[in-house]
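S.K.: no letters, just coordinates:
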């Protein structure tokens, strides 16, 4: 049974919750996690880098001198790469880096990442995570109580005060359950999840 304690923001235990073993205690599949992270990083690339080749630079296509009789190497036009202002030879061109992954494999990757953190006791469940005021100091104080510095906060109720408070803390990121992704799970290596968010995650990742 994947039973875990539930705390309030003062780190007082207020109950426990039974996590779905198929989501939080599944087999770790490293290849799925690797593929999901690679997909995210590749899809971030714009692929718009480019340089002008000899067809794109301005200038005449006329031969600079006749083909034979000058003693020099034959030349086609002054837009060639060996001339100042000429096009770049074999330079980078626009490229599509997008990758794809089927839904079942993607869900499996998230389950593997969550299960890895659960096994290593890196998941903290809280009853709620709402702040009365915008305060970076307050959210830092709360995380210090849990002895956590670098963490991903998952909450179903995206509280404006929480989001604005956390954005100034370099090692804290706030997401809704539908925004949960493998790269952030692996990068932060600690997760604080509200009870409501747990139910949404389990509902989304069940077969």
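M.R.: That came in fine, so what should we check first? These figures come from a predicted structure and were not determined experimentally.

S.K.: residue 185 touches residue 112, doesn't it?
M.R.: No: with contact defined as CB atoms under 8 Å, residue 185 does not reach residue 112; the gap is 9.5 Å. Quick note: C-beta positions are derived from backbone N, CA and C, even for glycine.

S.K.: any idea how many residues pack against residue 101?
M.R.: Residue 101 has 17 neighbours, counted by other CB atoms under 10 Å.

S.K.: mind listing what it touches?
M.R.: Neighbouring residues of residue 101 by CB atoms under 8 Å, 6 or more residues apart in numbering: 35, 36, 39, 109.

S.K.: check what pLDDT it gets.
M.R.: In this model, residue 101 is scored at 94, pLDDT.

S.K.: let's verify it: helix, strand, or coil?
M.R.: coil (DSSP: H, G, I helix; E, B strand; the rest coil).

S.K.: centroid residue for the chain?
M.R.: Residue closest to the average C-alpha location in the chain (CA atoms, centre = their mean): residue 183, at 4.4 Å.

S.K.: quick one: that residue from residue 80, how far?
M.R.: 44 Å (CB to CB, to the nearest Å).

S.K.: would you check how far apart residue 172 and residue 192 are?
M.R.: Following CB to CB, the distance that separates residue 172 from residue 192 is 9 Å.

S.K.: what does residue 58 give?
M.R.: 58 Å.

S.K.: more crowded one of those two?
M.R.: residue 192 (24 against 7).

S.K.: and the more buried one, that's in a strand?
M.R.: Yes: under three-state DSSP, residue 192 sits within a strand.

S.K.: tell me what it is bridged to.
M.R.: residue 124, residue 153 (DSSP bridges).

S.K.: before we move on, what about residue 2?
M.R.: According to DSSP bridges, beta-bridge pairing links residue 2 with residue 19.

S.K.: OK, contacts around it?
M.R.: 18, 19, 20, 21, 24, 25, 118 are the contacts of residue 2 under CB under 8 Å, 6+ apart.
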